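Novice: Need a 3D model of the following:
(chains A and B)
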Amino acid sequence: MALLEVDALQTHFRTPDGINRAVDGVSFHVNAGETLAIVGESGCGKSVTAMSILRLIPEPPGKIAGAIRFNGKNLLEATDKEMRAIRGNEISMIFQEPMTSLNPVLTVGRQIGETLRLHQGLSAQAAEDRAVEMLNLVGIPEAKRRVREYPHQLSGGMRQRVMIAIALACNPKLLIADEPTTALDVTIQAQILDLMRDLKHRVGAAIVLITHDLGVVAEVAERVVVMYAGKKVEEAPVHALFNRPRHPYTQGLLGSVPKLGSSLTGEATRLAEIPGLVPSLKQKIPGCVFASRCPHATDLCTAIAPALEEKAPGHVAACHYALREGALAA
Amino acid sequence: MSTAPLLQVNDLKKHFPIHGGFFGGVTAKVYAVDGISFDIAKGETLSLVGESGCGKSTVGKALLRLFPLTDGQVILGGTRIDDMPSSTLRPMRRRMQVVFQDPFSSLNPRMRVRDILAEPIRNFGLSNSSADLEARLVALMDKVRLPKDAINRWPHEFSGGQRQRIGIARALAGEPDLIICDEAVSALDVSVKAQIVNLLQDLQKELGLAMLFISHDLAIVEHMTHRVAVMYLGKIVEVAPRRSLFGAPKHPYTEALLSAVPQPTPGIQRQRVILKGDVPSPINPPKGCRFHTRCPYAFDRCRVEEPVLRPIADAMGEGHVSACHLHDRSAAENPLSGAKGAALLAVG
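Specialist: Residues are numbered from 1 along each chain as shown, chains lettered A, B, ... in the order given. Sure, this is the predicted structure:
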């Protein structure tokens, strides 16, 4: 049984001018100890998916439907009290903005200790000792002194390390990281990604990594879910996705990112564009959500929404024209 | 180079005072840009790269004279503009335009696209009849591939990518020689980013524009630049033509920067240089080489003596300069002497 199973998740928001279908029927699973990346552009619903798993969506105006099974238990049916026992304990989350997601008026030691005291009933002293251990684990020098400092005394990279320390304090089984390195500089990003890889081996938590950066995906993920306009359009092991993307959107996405070293290999001098814009999520789209921007779209695509089909072992895509394994390459 | 460059910058400095204390006097200074020199030829793209806080945006703003300079010279088309009074500077501003990062806050929400684009044309007196103005506006919309009928709409009616096109059209309205793009594509989504990068490249070819492309995205920079200048803590540490910089970086910071960029190719084997610690504060930059606190190869001399930019022999082309004491060592002792770039980037 998978650690986390998301089944036909729908997260809709009621707005003054109609229902916003932010996430519209997304299913995926995460095995224990695995790293799954969810990629897509802004507005594709990847962050809302993450927030829905932890039930952090305010209801109303939001409405979550479907099923989210964690260790077999449907989180959508859990009471608030049960959810509180899970958040930060069995499932924890790292947010994008290390500047705004820490409390500015509490020391980092208090903030790391808070989850420990709440979930594990540690005393104040034991919680602080454990906080020092956690700071050491995430590579913050002079942890004994830093544990008494406030977030404003730390740099962006250090704050993100503190966020990771808080998230891992209770040895969660699942860590959801929502754009954990987007706000960081590239040399600091490399440090944090390295840390996450290292900790994953040591702590053994499964990770759901939400990002728009395909480079980060290639470096850390084992499996990838590609989202577009609230729907899952493709899912594949990381090598298969990058080497043989099946969905035209994934193909476009990969083509529009320049690779470092392009000037040395003399590759194409023009980036592939995906023409047009992401459609509004407030209108119901009868056919394929990507049809309006797809170079291969036909009448069939605008009329009937393609179902997710297994195109190769473990590789699913929602496209009428994506080739199955064995068929001739397009 | 035989012909004079379009823009020449000599020893540019910009220090920001920090006020504090009982009487609000100057208690410290932020050495945002601390003596940098470069030039840009007509039709050339020079990229300025570096991490946040290295001073790359301050350079752009200083060139535009959005604030007075602390020291140094800026020469545009043979004329010194850094000490010009604002009345004579005004017509010169036409030749140097800017595209900002955030397409949402850089357009006035109370002006129609028509007025946003017409303002620079009127200000610089480029048009003498309303028919001519109209023709110019239509041509501008066409240049940035926006529909003509969009000209009477308001900024909020456009998406991020379309707004950035309006920002580019506004920069082109004054018929500039040089466009400064300050992280002009950083805030955009991947697929839209590719559209804008392609547009900028097309426009440069079409109009022969020079560009100063300020960015932290090294893959995009490599894709569209001619030359690259790498900044660290207010100083330029390396300048080189694109292929030399990405193929054979000579400065340890450039090497680390390149190796840190995640590559969209799973499972590649590459040499990684992970820097320890954070960028030091520009209020109190380290003595000697500013990079020595994080440099994996630092030795005693780096802590006391500041290295200067000097030409480095490079098999891949001319015009490679770098500021590092390692260049004084023999090739056998210099960890950066070989062409490591290909290994860093994991390309064949």
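
Novice: Let me know whether B:Gly174 touches B:Met92 as I believe.
Specialist: No - B:Gly174 is beyond contact range of B:Met92, at 10.8 Å (criterion: CB atoms under 8 Å). (Glycine included, C-beta is placed from N, CA and C.)

Novice: Residue 33: neighbour count?
Specialist: Using chain A. Counted with other CB atoms under 10 Å in any protein chain shown, residues neighbouring A:Gly33 total 15.

Novice: actually it's chain B I care about, not the one you picked
Specialist: When neighbours are counted by other CB under 10 Å, B:Val33 comes out with 30.

Novice: which residue packs closest to the residue of the stretch 1-150 of chain A found nearest chain B, ignoring adjacent ones?
Specialist: Residue of the stretch 1-150 of chain A nearest chain B, by CB to the nearest CB: A:Glu41 (4.1 Å). By the measure of CB to CB, 6 or more residues apart in numbering or on different chains, the closest residue to A:Glu41 outside its immediate chain neighbours is B:Asp189, 4.1 Å from it.

Novice: can you tell me which residues contact the one you found?
Specialist: A:Glu41, A:Ser42, A:His212, B:Gly160, B:Gly161 (CB atoms under 8 Å, 6 or more residues apart in numbering or on different chains).

Novice: just to revisit the earlier point, close enough to count as contact, the residue of the stretch 1-150 of chain A closest to chain B and A:Phe290?
Specialist: No - counting by CB under 8 Å, A:Glu41 does not reach A:Phe290; the two are 11.8 Å apart.

Novice: Between these two, which contacts overlap?
Specialist: The contact sets of A:Glu41 and A:Phe290 overlap at A:Tyr228 (CB under 8 Å, 6+ apart).

Novice: Comparing the two, which shows the higher neighbour count?
Specialist: Using other CB under 10 Å, the more surrounded residue of A:Glu41 and A:Phe290 is A:Phe290, with 26 against 20.

Novice: Now do that one against B:Leu188, distance only.
Specialist: The gap separating A:Phe290 from B:Leu188 is 19 Å, by CB to CB, to the nearest Å.

Novice: Point out where chain B drops to low pLDDT.
Specialist: Residues of chain B meeting the criterion pLDDT under 70: B:1-3, B:331-333, B:336-348.

Novice: Residue of it closest to chain A, please.
Specialist: Proximity of chain B to chain A (CB to the nearest CB) peaks at B:Pro262, 3.2 Å away.

Novice: Give me the neighbour count for that residue.
Specialist: By other CB under 10 Å, the burial measure for B:Pro262, its neighbour count, is 21.

Novice: can you name the two of the contacts of B:Asp189 that are farthest apart?
Specialist: Within the contacts of B:Asp189, A:His212 and B:Gly161 form the most distant pair, 14.7 Å apart (CB to CB).

Novice: neighbours around residue 261, how many?
Specialist: Just so you know, I chose chain A. Using other CB under 10 Å, A:Gly261 is surrounded by 24 other residues.

Novice: that's the wrong chain, I wanted chain B
Specialist: Neighbours of B:Val261 under the rule other CB under 10 Å: 21.

Novice: isn't it right up against B:Leu218?
Specialist: Yes - under the criterion of CB under 8 Å, B:Val261 makes contact with B:Leu218 at 5.2 Å.

Novice: Next, show the common contact partners of these two.
Specialist: By CB under 8 Å, 6+ apart, the residues touching both B:Val261 and B:Leu218 are A:Val186, A:Leu260.

Novice: residue contacts, residue 179?
Specialist: All of this refers to chain A. Per CB under 8 Å, 6+ apart, neighbours of A:Glu179: A:Ser47, A:Gln96, A:Ile210, A:Thr211, A:His212.

Novice: oops, I was thinking of chain B
Specialist: Neighbours of B:Ile179 in contact, by CB under 8 Å, 6+ apart: B:Met96, B:Gln97, B:Val98, B:Val99, B:Ala171, B:Leu172, B:Leu209, B:Ala210, B:Met211, B:Leu212.

Novice: just checking, the residue of chain B closest to chain A is part of a strand?
Specialist: No - read with DSSP: H, G, I helix; E, B strand; the rest coil, B:Pro262 is coil and lies in no strand.

Novice: in which helix or strand would I find the residue lying closest to it once chain neighbours are set aside?
Specialist: Spatial nearest neighbour of B:Pro262, chain neighbours left out: A:Gly215 (3.2 Å); criterion: CB to CB, 6+ apart. Element membership for A:Gly215, per DSSP states H and E: helix A:214-220.

Novice: now for that helix, which elements pack on it?
Specialist: Where contact means 3 or more CB pairs under 8 Å, 6 or more residues apart in numbering or on different chains; DSSP states H and E, helix A:214-220 is packed against strand A:35-39, helix A:186-203, strand A:206-211, helix A:238-243.
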